[in-house]
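Participant: how would this look folded up:
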Amino acid sequence: MYRPSIKSRRTLLALMILAAGLYYWAEHSRQEVRQPNYDQKKEAAQRMVRALDVLREDRLAAGWALDEVNDPNQSAVIGVQYSLITTDEGDLGAKLTAINPNFAAVILQMLMDADVTRGDKVAVAFTGSFPSLNIATIIACEVLEVVPVIITSVGSSMWGANNPEFTYLDMETILLNEGIISNRTMASSIGGGQDIGRSLSGAGRVAVEDAIQRNDTSPITSTSLTESQSARRDIYRQQEGKNGYGAFINIGGGIAVLGHPVNGSLIKPGLSTTYIQQNYPARGLIHEFWEQGTPIIHLQNIGEIADTYGLPRAPVPLPPVGAGTIFSVERYNLTVAWVSVIILMGTLLVVLLLDRDKYKLREEGVDPDTLM
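Facilitator: Next up, the predicted model:
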């Protein structure tokens with residue numbers, strides 16, 4: 001009895017094998033495709049690796065015993081839980097996430113997405129809480145040949161650069177002397193409550209002041225948050241380029257920058273180019289830059305940023321340079337995919353055409369089964 005080829009078990013089996021083979025071919029055609037600016041991102045991450053190596057070697061030479069439990073990657077930039085200059089609580093997981101050298105590539109990408117170009121100036125606000133991100137920011141700026149104007153709050157939350165003998169400013173000085181970076185902090189405040197060291201002991205405030213003095217940065221001496229913000233504002237204005245600032249970068253929860261601790265969560269982490277009006281409890285410098293149309297890069301909620309750019313959280317060991325979707329993504333070979341589709345559709349079309357011819361014979365009274 002006549003049965004169309006498309007309903008023939010033999011034909012269906014052949015089509016199934018063909019489709020499975022083409023699927024296997026297309027599925028295994030996936031390849032790594034480099035993201036834009038791959039070479040610059042890799043250069044930034046490689047310099048960050050060297051920076052961490054230099055700091056580790058410096059601490060070992062000074063006789064430090066690195067904490068193998070809380071600093072499993074032996075980075076030397078993970079601090080202690082409590083110290084004289086600890087200003088606030090801190091998340092160890094976030095600090096471990098931030099020491100990934102590939103974060104330098106993430107910051108570089110954010111700067112490029114903000115349309116910052118060679119020769120531009122960027123206003124930068126550091127705290128001691130994420131020293132690795134501070135260093136990564138300087139490196140990213142230098143790779144792009146951008147000029148950072150940096151003001152630092154020296155105090156640190158838990159697990160940051162909160163050792164009075166090894167503050168972020170000390171790390172910066174070591175890297176500057178070793179030629180890893182060429183830009184440094186211009187002025188420093190104590191940090192902490194009201195940006196004047198509130199919640200620190202007298203000995204803690206003295207320890208920060210000593211760090212500012214021995215690292216030869218200009219102290220921001222103020223008696224209130226308003227005075228501190230005014231002093232910072234003046235510094236940024238004095239250093240501003242003729243075209244203004246290409247971006248404003250904030251790292252950590254410095255109160256002079258955020259205006260209120262809650263704002264750290266209200267402002268979206270990462271790059272924001274358009275001011276978003278919300279019920280902010282108070283305004284900080286970040287709001288002023290943002291309202292003026294300056295893109296802001298807010299580096300807090302580090303785990304969320306890591307997820308966005310394909311970096312792991314609290315990795316042990318540290319990933320190699322170039323790991324993560326910030327560098328490359330896996331994509332299908334579109335040529336193979338289209339060829340597979342064309343072959344499969346062409347085969348189905350041939351089968352249908354053959355059935356069409358036989359169906360015409362049947363309409364004319366000829367039994368296709370009798371044909372030789």
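Participant: okay, CA-based contacts and neighbour counts for the rest of this
Facilitator: Noted.
Participant: which stretches of the chain have low pLDDT?
Facilitator: Along the chain, the parts satisfying pLDDT under 70 run over 1-8, 22, 25-26, 29, 330-333, 336, 352, 354-372.
Participant: tell me the domain ranges of it?
Facilitator: 5-29+335-370, 38-328 (automatic domain parsing).
Participant: For the longest one, measure first residue to last.
Facilitator: Right, the one you point to is domain 38-328. Terminal residues of domain 38-328 lie 8 Å apart, using CA to CA, to the nearest Å.
Participant: re earlier: export the domains of the chain as CSV, with columns for mean neighbour count.
Facilitator: Listed next are the domains of the chain as CSV, based on neighbours: other CA atoms under 10 Å:
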stretch, mean neighbour count
domain 5-29+335-370, 14
domain 38-328, 20
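Participant: Where does the residue most central in space within the chain sit, in terms of helix or strand?
Facilitator: Geometric centre of the chain, nearest residue: Val106, 3.5 Å, by CA atoms, centre = their mean. Taking DSSP states H and E as the definition, Val106 sits inside helix 103-113.
Participant: For that helix, name the packing helices and strands.
Facilitator: Identification of packing neighbours for helix 103-113 by 3 or more CA pairs under 8 Å, 6 or more residues apart in numbering; DSSP states H and E yields helix 38-61, helix 131-143.
Participant: Next secondary structure after the last one?
Facilitator: Using DSSP H and E, the helix or strand that follows helix 131-143 in sequence is strand 147-153.
Participant: after that next one, next one along is what?
Facilitator: Per DSSP H and E, the first helix or strand lying C-terminal to strand 147-153 is strand 156-157.
Participant: following that next one, which helix or strand comes up?
Facilitator: strand 162-163.
Participant: Adjacent strands (with direction) for that following strand?
Facilitator: Neighbouring strands of strand 162-163 in its sheet, by DSSP bridges, are strand 166-167 (antiparallel).
Participant: Please enumerate residues in contact with the partner strand?
Facilitator: Residues outside strand 166-167 that contact it (CA atoms under 8 Å, 6 or more residues apart in numbering): Gly128, Val154, Ala161, Ala211.
Participant: swap in stretch 51-64?
Facilitator: Leu66, Gln74, Ser75, Ala76, Val77, Ile135, Met171, Ile174, Leu175, Glu178, Ile180.
Participant: which non-adjacent residue is nearest the fourth one?
Facilitator: Nearest in space to Ala76, with sequence neighbours left out and distances taken as CA to CA, 6 or more residues apart in numbering, is Arg56 at 5.2 Å.
Participant: how much space between that neighbour and Ala114?
Facilitator: Counting by CA to CA, the separation of Arg56 from Ala114 is 33 Å.
Participant: For the chain, which segments count as strands?
Facilitator: For the chain, the strands defined by DSSP state E occupy 31-34, 86-88, 121-127, 147-153, 156-157, 162-163, 166-167, 187-189, 218-219, 245-251, 270-272, 296-299, 328-331.
Participant: Work out the gap between stretch 320-338 and the centre of the chain.
Facilitator: Relative to its chain's centre, stretch 320-338 lies at 19 Å (CA atoms, centre = their mean, to the nearest Å).
Participant: how long is that stretch from one end to the other?
Facilitator: End-to-end distance for stretch 320-338, by CA to CA: 34 Å.
Participant: what's the first-to-last distance across stretch 194-206?
Facilitator: Using CA to CA, one end of stretch 194-206 lies 16 Å from the other.
Participant: Check stretch 20-33 too.
Facilitator: Per CA to CA, stretch 20-33 runs 26 Å from first to last residue.
Participant: Next: stretch 215-227.
Facilitator: OK, stretch 215-227 end separation, CA to CA: 23 Å.
Participant: How about stretch 19-36?
Facilitator: 35 Å.
Participant: Repeat that for stretch 58-75.
Facilitator: Distance across stretch 58-75, first residue to last, is 11 Å (CA to CA).
Participant: What of stretch 248-268?
Facilitator: Using CA to CA, the end-to-end distance of stretch 248-268 comes out at 14 Å.
Participant: okay but Gly160 is in contact with Asn134, surely?
Facilitator: No. Gly160 is not in contact with Asn134 according to CA atoms under 8 Å; the separation is 11.3 Å.
Participant: picking up where we left off before, and the helix holding Val106 with strand 245-251, angle?
Facilitator: Note on geometry: by axes from the mean of the first three to the mean of the last three CA atoms, to 10 degrees, helix 103-113 and strand 245-251 are set 150 degrees apart in direction.
Participant: need the contact list for Val147.
Facilitator: Gly119, Asp120, Lys121, Val122, Cys141, Asn183.
Participant: Put together TSV for those, with distance to Val257 on each row.
Facilitator: Below are the contacts of Val147 laid out as TSV (distance: CA to CA, whole Å):
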residue	distance to Val257
Gly119	24
Asp120	21
Lys121	18
Val122	15
Cys141	20
Asn183	21
